[in-house]
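Chemist: let's see this in three dimensions:
(one chain, ligands or ions: 2)
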Amino acid sequence: MPINPYKPGAGHMPMYLAGRDAVIKDAQNVIDTLLSNSCARFKIYYGLRGVGKTVLLNCIEDKANENDIISVYFECAEDKNFGTHLINAIYSIINMLSIEEYLKEKVAHFKNILSAFVITWSSNPMTNENNLSLELNPENISVRKSSTLIDLLLLIGKIAREKNKPICILVDEIQYMNADDLSALLEALHRIAQKDLPIGFFGAGLPKILRVAGDSKSYAERLFSYVHIDTLKFVDAKEALIKPAEKLGVFYDENAIQTVFEITEGYPYFIQEYGNQVWEKQNANKVITKTAVEECYDSFIEQLDEGFFKNRLDRATPMEKKFMCKMVCCGSLPCNISDVSKHMGKPVKSISPMRGQLIGKGFIYDTSHGMIDFTVPQFDKYLKRVYPDL
Ligand SMILES: Nc1ncnc2c1ncn2[C@@H]1O[C@H](COP(=O)(O)OP(=O)(O)OP(=O)(O)O)[C@@H](O)[C@H]1O
Ligand SMILES: [Mg+2]
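Modeler: Numbers count the residues shown, from 1 in each chain. Ligands and ions are numbered 1, 2, ... in the order given. Okay, the predicted model is just below:
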């Protein structure tokens with residue numbers, strides 16, 4: 001049996017990237033605009049867990065590289081400082097730019113500035129200023145200067161334009177940025193757009209980012225184009241399932257495809273995992289039938305529970321778990337916070353902090369005023385498996 005062609009896993013590039021042609025074409029337009037030494041509309045891809053945001057960003061990064069665009073990619077983490085990530089990214093941009101002979105002096109000077117300081121990220125709510133405060137590094141006491149994120153990005157952008165060397169910044173999991181960092185980033189990108197500098201920005205994150213960005217700056221809506229990365233439609237889900245196997249001489253019949261689609265609801269991660277299980281368990285068959293698919297159902301669920309759901313649930317405190325179970329008790333999703341409060345036997349006011357905490361941790365998001373849902377697809381079904389009394 002040839003090697004298993006399915007790729008279930010966070011950020012694992014599938015053998016066949018289904019249903020994203022329009023999104024990729026749109027990203028290529030951005031790249032083309034950058035190549036004309038101009039600024040293009042910044043993109044934010046948002047969607048639930050496992051829909052394929054990270055693989056999209058990676059795909060766009062590859063396209064940028066193919067077009068000789070300097071690109072940097074990083075992922076925000078719940079507990080890490082965005083400013084540090086960005087400085088590292090700017091650092092590597094500088095390094096890449098410094099390959100160019102004629103910029104050597106300017107870049108060397110800039111590098112000097114950065115390496116002379118211990119960098120901390122801060123914002124002043126009184127003056128509304130966001131600063132990268134640069135503390136002096138004792139090993140290099142000859143340079144003293146501080147700069148803002150905006151100045152840094154503007155300088156980089158000007159160098160990029162001068163050299164006709166566009167830059168692309170790709171940031172994953174942007175929902176983990178705190179309000180100050182996000183506000184500083186928006187401000188900096190706003191200036192980049194005003195100056196029409198050739199810096200592109202592609203972000204990806206959970207749906208929560210829509211609200212957070214809008215709350216942070218009124219112009220966020222115009223600054224970004226928000227692209228919903230959704231489940232795959234039947235035709236695309238079908239391709240995601242059959243294409244990797246087809247190449248290796250294994251075929252699915254129509255009933256089998258329909259069954260996988262119904263169970264996975266078109267979620268790319270689930271399709272990869274189902275294909276993976278079928279490949280492992282039915283390796284004697286060249287044609288996969290509905291029965292063959294059904295025979296793999298238990299191991300598919302087992303794998304999802306262990307590999308996808310469990311480590312997420314483990315990150316929740318007992319009270320957070322209780323809150324999420326009560327969401328399931330509401331009967332349908334999205335559910336109303338006031339219904340959750342009834343099931344918990346507590347006033348809305350007293351459970352609101354828990355709701356905020358769960359949104360912050362990326363478990364749930366608010367779909368519209370007062371309504372909440374899970375960011376992880378089919379998490380309600382999983383909770384019912386773990387707590388059968390629900
Ligand atoms: N368009 C697609 N076609 C086929 N498979 C896909 C597609 N997009 C993603 N996948 C698969 O789905 C899985 C999840 O992809 P990815 O990690 O990019 O999702 P994500 O949205 O970034 O999830 P998370 O929010 O958890 O980070 C991977 O196994 C990947 O191979
Ligand atoms: Mg991801």
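
Chemist: so which bits of this structure are right by ligand 1?
Modeler: Residues of the chain lying close to ligand 1 (Cβ under 6 Å from any ligand atom) are 7-12, 14, 17-20, 47, 49-55, 240, 268-269, 272. (Each C-beta comes from the backbone N, C-alpha and C, glycine too.)

Chemist: now the buried members of those.
Modeler: 7-8, 14, 17-20, 47, 49-55, 240, 268-269, 272 (16 or more other Cβ atoms under 10 Å).

Chemist: among those residues, which are within reach of ligand 2?
Modeler: K53, T54 (Cβ under 5 Å from the ion).

Chemist: where exactly do the helices run in the stretch 201-350 of the chain?
Modeler: 208-216, 220-223, 234-246, 254-264, 268-281, 290-295, 297-304, 310-313, 318-329, 337-344, 348-360 (DSSP state H, counting those that start in this stretch).

Chemist: would you turn the ones you listed into CSV with mean pLDDT?
Modeler: What follows is the helices of the stretch 201-350 of the chain, written out as CSV (pLDDT from 0 to 100):
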stretch, mean pLDDT
helix 208-216, 81
helix 220-223, 84
helix 234-246, 98
helix 254-264, 98
helix 268-281, 97
helix 290-295, 97
helix 297-304, 97
helix 310-313, 93
helix 318-329, 97
helix 337-344, 95
helix 348-360, 94
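
Chemist: highest average neighbour count across these?
Modeler: Mean neighbour count (mean count of other Cβ atoms under 10 Å) peaks for helix 268-281 among the helices of the stretch 201-350 of the chain, with a mean of 24.

Chemist: and that one, what does it pack onto?
Modeler: helix 234-246, helix 254-264, helix 290-295, helix 297-304 (3 or more Cβ pairs under 8 Å, 6 or more residues apart in numbering; DSSP states H and E).

Chemist: the longest one - contacts with which helices or strands?
Modeler: When contacts are defined as 3+ Cβ pairs under 8 Å, 6+ apart, helix 234-246 packs onto strand 251-252, helix 254-264, helix 268-281.

Chemist: now do the second one: distance to the chain's middle.
Modeler: Going back to what we said before, that points to helix 254-264. 27 Å (Cα atoms, centre = their mean, to the nearest Å).

Chemist: again, but for the last one
Modeler: In this view, helix 268-281 has its centroid 22 Å away from the chain centroid, taken as Cα atoms, centre = their mean.

Chemist: tell me the angle that helix makes with helix 234-246.
Modeler: Interaxial angle of helix 268-281 relative to helix 234-246 (axes from the mean of the first three to the mean of the last three Cα atoms, to 10 degrees): 30 degrees.

Chemist: where does pLDDT dip in the protein?
Modeler: Along the chain, the model assigns pLDDT under 70 to residues 1, 79-81, 83-84, 98-149.

Chemist: and the residue of it nearest ligand 2?
Modeler: Proximity of the chain to ligand 2 (Cβ to the ion) peaks at T54, 3.2 Å away.

Chemist: list the contacts for that residue?
Modeler: A10, G11, D172, A204 (Cβ atoms under 8 Å, 6 or more residues apart in numbering).

Chemist: and stretch 302-322, anywhere near ligand 2?
Modeler: No. Residues of stretch 302-322 contacting ligand 2 under Cβ under 5 Å from the ion: none, with a closest distance of 12.4 Å.

Chemist: how does this structure divide into domains?
Modeler: 21-228, 234-311, 316-386 (automatic domain parsing).

Chemist: gap between the two ends of the second one?
Modeler: Just to be clear, that refers to domain 234-311. One end of domain 234-311 to the other measures 29 Å (Cα to Cα, to the nearest Å).

Chemist: next: the first one.
Modeler: Between the opening and closing residues of domain 21-228 lies a distance of 14 Å (Cα to Cα).

Chemist: distance of H85 from C330?
Modeler: Note on H85: its distance to C330, by Cβ to Cβ, to the nearest Å, is 37 Å.

Chemist: okay, strands next: where are they in this protein?
Modeler: All strands of the chain, identified by DSSP state E, fall at 42-46, 70-75, 117-124, 129-136, 167-172, 199-205, 224-228, 251-252, 287-288, 335-336, 364-368, 371-374.

Chemist: with mean neighbour count added, can I get those strands in a markdown table?
Modeler: Shown next, in a markdown table, are the strands of the chain (neighbours: other Cβ atoms under 10 Å):
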| stretch | mean neighbour count |
| --- | --- |
| strand 42-46 | 23 |
| strand 70-75 | 20 |
| strand 117-124 | 15 |
| strand 129-136 | 17 |
| strand 167-172 | 24 |
| strand 199-205 | 25 |
| strand 224-228 | 17 |
| strand 251-252 | 18 |
| strand 287-288 | 18 |
| strand 335-336 | 19 |
| strand 364-368 | 18 |
| strand 371-374 | 20 |
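
Chemist: can you put those in a markdown table and add distance to ligand 2?
Modeler: Formatted as a markdown table, the strands of the chain follow (distance: least, Cβ to the ion, whole Å):
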| stretch | distance to ligand 2 |
| --- | --- |
| strand 42-46 | 10 |
| strand 70-75 | 8 |
| strand 117-124 | 24 |
| strand 129-136 | 26 |
| strand 167-172 | 6 |
| strand 199-205 | 7 |
| strand 224-228 | 15 |
| strand 251-252 | 27 |
| strand 287-288 | 28 |
| strand 335-336 | 25 |
| strand 364-368 | 15 |
| strand 371-374 | 16 |
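
Chemist: would you turn those into CSV with distance to L34?
Modeler: Shown next, in CSV, are those (distance: least, Cβ to Cβ, whole Å):
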stretch, distance to L34
strand 42-46, 11
strand 70-75, 10
strand 117-124, 27
strand 129-136, 25
strand 167-172, 7
strand 199-205, 5
strand 224-228, 15
strand 251-252, 40
strand 287-288, 43
strand 335-336, 43
strand 364-368, 31
strand 371-374, 36
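
Chemist: thank you, goodbye.
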